[in-house]
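>>> model this:
(one chain, ligands or ions: 3)
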Amino acid sequence: MKIKARIVPSRRPRLAWSGTTGGPSRCSQPRVVYGSGVTSLVTREMLPKTSSRNQLEDALDVDVEDLQTLGTFIINTAKDEDTSDLSILIQSIGTSCKYIANCVRKLGLANGKLGGKAGTENVQGEEQMKLDLVAHEVFSRGLDRSGRCTVMVSEEVEELIPCASSPHGRYVCVFDPLDGSSNIDCSVSIGSIFGIYKATERGVFNPKDALQPGKDMVAAGYALYGSACNLVLTIGGCVYGFTLDSSLGEFVLTHPKIRVPPSGNIYSINEGNSKFWDAGMANYVNHVKNIQDPPRSLRYIGSMVADVHRTLLYGGTFSYPSDSKSKDGKLRTLYECFPMAYIMEKAGGAASDGKNRILDITPHHIHQRSPIHMGSAEDVKEIERFLTEQ
Ligand code: AHG
Ligand code: MN
Ligand code: MN
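Numbering: from 1, shown residues only. Ligands and ions are numbered 1, 2, ... in the order given. The predicted structure is shown next:
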């Protein structure tokens, strides 16, 4: 039966995947859906490599050949029940990040409902922004509803958060729902950070599961709400980057294998704290300031997600050291340092507390802090040399 493929470039077709539920099925042939129902079944083979195929690609502004969304990507990584549950968990996180990205876009237009201070403090004694609380609600409800977690840790909640019991509860999720809060009201890039561990017993809430060493994570990622909305993810192998295509409402795979350059020309640190640094840190920064051919640049955004994302793509280092003001530094070990360190290492970089590998730390408290230096492996080693030689 010859199905007439009708390309109507004026109306934005939605790519749907075959299968009655409308969700992605094993088959990798997209069909183009117009209006309320399927009016044509277009498979890749049927599209001649001529104008009609280009028309489809133009209409969709994507390269149909390579279109991989977070959903199809993560479903295809599932090999068994465990990893299928992980893919469901990660999809729920993707949905939460899309929701928060939407809030960030609308922030300035929501007449104060989403921006500004909440008038409360978090466990760290830091003023909470309204968007911190919204992002926490979105993340925690999404994770709970996924039925794949036994316990959660949020930067915004002092205690562990047990999840509704579920036979599929195989994972622990730790997250910073909104990172870079001080940048919310001035439209500077902010983000969300998450890390995932295996639960020791399926469906059982075990508090100790939230205090595993960073190296035992099975997945980690972050969303960056910037000029584009990116989601960077590793499930233990390569590091993948997705970009939110708001016309599709999907995270599309745009960075199939991110590798951090072995060295870079950018260093990132809050020099406003230099009067509190110890000698080793001060000597290191002084050293990089005097490097020529080429000279180093200082870039500091004040949102860890944005500073780390730039470091991941361009190389160099991001540091939040300990100092006389904060002996353990500022960043939280479990849901800021560990996930970012896990991603950085999987991309070929390094992450240290100044002396040791961050991921070797076994946390004793869910909100403890660590000094952190991460980025290009050679540059992180150089920082460790300065900090241990002092
Ligand atoms: P959060 O908004 O989740 O509290 O995180 C803010 C962190 C981190 O994003 C950033 O790297 C660091 O605070 C910046 O701290 P300073 O303003 O002290 O430099
Ligand atoms: Mn943070
Ligand atoms: Mn935060």
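>>> how close does the closest residue to ligand 2 within the chain sit to ligand 3?
In the chain, the residue found nearest to ligand 2 is Asp179; the distance is 3.4 Å by C-beta to the ion. To be clear about C-beta, it is placed using only N, CA and C from the backbone, and glycine gets the same treatment. Computed as C-beta to the ion, to the nearest Å, the Asp179 to ligand 3 distance reads 5 Å.
>>> list the contacts for that residue?
Asp179 is in contact with 190-193, 222, 303-305, 336, counting by C-beta atoms under 8 Å, 6 or more residues apart in numbering.
>>> those in helices, which ones?
Among the contacts of Asp179, DSSP state H puts 304-305 in helices.
>>> let's have the contacts of Asp179 in CSV, adding neighbour count.
Listed next are the contacts of Asp179 as CSV, based on neighbours: other C-beta atoms under 10 Å:
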residue, neighbour count
Ile190, 28
Gly191, 30
Ser192, 27
Ile193, 28
Tyr222, 27
Ser303, 23
Met304, 26
Val305, 27
Glu336, 26
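>>> quick check: bridge partners of the residue of the chain closest to ligand 2?
Counting by DSSP bridges, Asp179 is bridged to Gly191.
>>> find the centremost residue of this structure, please.
Against the mean C-alpha coordinate of the chain, by C-alpha atoms, centre = their mean, the closest residue is Tyr222 at 1.0 Å.
>>> leaving out chain neighbours, which residue sits closest to it?
Ile193 (4.6 Å; C-beta to C-beta, 6 or more residues apart in numbering).
>>> does the one you found touch Glu336 like I think?
Yes. Between Ile193 and Glu336 a contact is recorded at 5.9 Å, counting by C-beta atoms under 8 Å.
>>> common neighbours of these two, please.
Jointly contacting Ile193 and Glu336 under the rule C-beta under 8 Å, 6+ apart are 176, 179, 304.
>>> if I've got this straight, Ile196 is in a strand?
Yes. Assignment of Ile196 by DSSP: H, G, I helix; E, B strand; the rest coil places it within a strand.
>>> that one: neighbour count?
26 (other C-beta atoms under 10 Å).
>>> so what's the residue nearest to it when sequence neighbours are not counted up against?
Nearest non-adjacent residue to Ile196, counting by C-beta to C-beta, 6+ apart: Ala219, 4.2 Å away. Going by C-beta under 8 Å, 6+ apart, Ala219 touches 86, 90, 195-196, 233-236.
>>> may I have the phi/psi pair for Ala219?
Per-residue torsions, Ala219: phi -160, psi 150 (degrees, to the nearest 10).
>>> which pLDDT value belongs to it?
On pLDDT, Ala219 comes in at 98.
>>> same question for Lys2.
Looking at Lys2, the pLDDT reads 38.
>>> also Ile372?
Reported pLDDT for Ile372: 98.
>>> what bridges to it?
Tyr320.
>>> hmm, back to that, right, and the residue nearest to the centre of the chain touches Val239 too?
No. Assessed by C-beta under 8 Å, Tyr222 is found out of contact with Val239, at 10.8 Å.
>>> joint contacts of those two?
232, 343.
>>> tell me which element whichever residue of the stretch 1-150 of the chain sits closest to ligand 3 falls in.
Nearest residue of the stretch 1-150 of the chain to ligand 3, counting by C-beta to the ion: Asp132, 5.9 Å away. According to DSSP states H and E, Asp132 maps onto helix 130-146.
>>> the next helix or strand after that helix - what's its average pLDDT?
Heading C-terminal from helix 130-146, the first helix or strand you meet, by DSSP H and E, is strand 149-154. Average pLDDT, strand 149-154: 98.
>>> how far away from the center of its chain is stretch 91-102?
The chain centroid and the centroid of stretch 91-102 are separated by 11 Å under C-alpha atoms, centre = their mean, to the nearest Å.
>>> swap in stretch 248-257?
13 Å.
>>> quick check: end-to-end length of that stretch?
22 Å (C-alpha to C-alpha, to the nearest Å).
>>> pull the residues that contact it.
Taking C-beta under 8 Å, 6+ apart as the rule, stretch 248-257 contacts 14-15, 60, 62, 66-71, 73, 94, 97-98, 230-232, 238-245.
>>> list the contacts of Arg148.
Arg148 is in contact with 85-86, 88-89, 92, 166, 168-171, counting by C-beta under 8 Å, 6+ apart.
>>> cutoff 10 Å now
Residues in contact with Arg148 (C-beta atoms under 10 Å, 6 or more residues apart in numbering) are 84-92, 163, 166, 168-171, 173, 196, 199.
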